[in-house]
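Undergrad: coords please:
(one chain, ligands or ions: 1)
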Amino acid sequence: MHINRYERAWLTAVAVTLGVFAAAMLVGLLAFGIRLPSPVARVDPNNLANTPFAKPGLKSLGGARYELYATAKMWQFDAGREAGPLGVPPQIRIPARSEVTFYVTSLDVNHGFYIEDHSINLEVVPGQIARATVTFMQPGEYKIICNHYCGAGHQVMYGTVIVE
Ligand code: CUA
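TA: Take a look at the predicted model:
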């Protein structure tokens, strides 16, 4: 079959581009462990009494491992005893090289849960538990930011992870 040489060039370019995209996804999947976020479990946002979200906060799992249960609502995160009074964003203190697994759910509308300089960017949906594990290597202060528009107070919805 005869194919015009310009058409052959375009077909080649398209095939190479698709190949590069597929290779990039494979590298992301296999080398960097990038996954689509998915809900870990479901939870009734109106009845958290018998769930770990009833007492949100940081728990040590021994060694350098922690888990943090946090809730999001208009317009603040609650990370338990680390959280200040209403309107004061929570601060979470951990030593450097800690591995923290975050469990986050929303009490009202969709929020975001993004931490500066780390590979965590969760969609926080009422009724669903979002989970991600992050290792904090470098000491410093990293903002937890709601990066999903959630109403009038969206821009004041944040917290801080302090790595010591
Ligand atoms: Cu919560 Cu934006």
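Undergrad: List the strands paired with the lowest-mean-pLDDT helix or strand in the chain, with their directions.
TA: The helix or strand of the chain with the poorest confidence is strand 41-42; it has a mean of 87 (mean pLDDT, DSSP states H and E). According to DSSP bridges, strand 41-42 has the following sheet partners: strand 128-136 (antiparallel).
Undergrad: what about the partner strand and the ligand, touching?
TA: No. No part of strand 128-136 sits close enough to the ligand to count as contact by C-beta under 6 Å from any ligand atom; the gap is at least 13.2 Å. Where C-beta positions appear, they are placed from N, C-alpha and C, glycine not excepted.
Undergrad: Next, the buried residues of that strand.
TA: For strand 128-136, the neighbour count (16 or more other C-beta atoms under 10 Å) marks Q128, I129, A130, R131, A132, V134, F136 as buried.
Undergrad: Point out the residues in the chain that sit beside the ligand.
TA: So the chain meets the ligand at A72, W75, H111, C146, H148, Y149, C150, H154, M157 (C-beta under 6 Å from any ligand atom).
Undergrad: Domain map for the protein?
TA: 1-35, 41-163 (automatic domain parsing).
Undergrad: Just give me the neighbour total for the nearest residue to G153 once chain neighbours are set aside.
TA: Spatially, and ignoring its direct neighbours in sequence, G153 is nearest to W75 (3.1 Å; C-beta to C-beta, 6 or more residues apart in numbering). By the criterion of other C-beta atoms under 10 Å, W75 has 19 neighbours.
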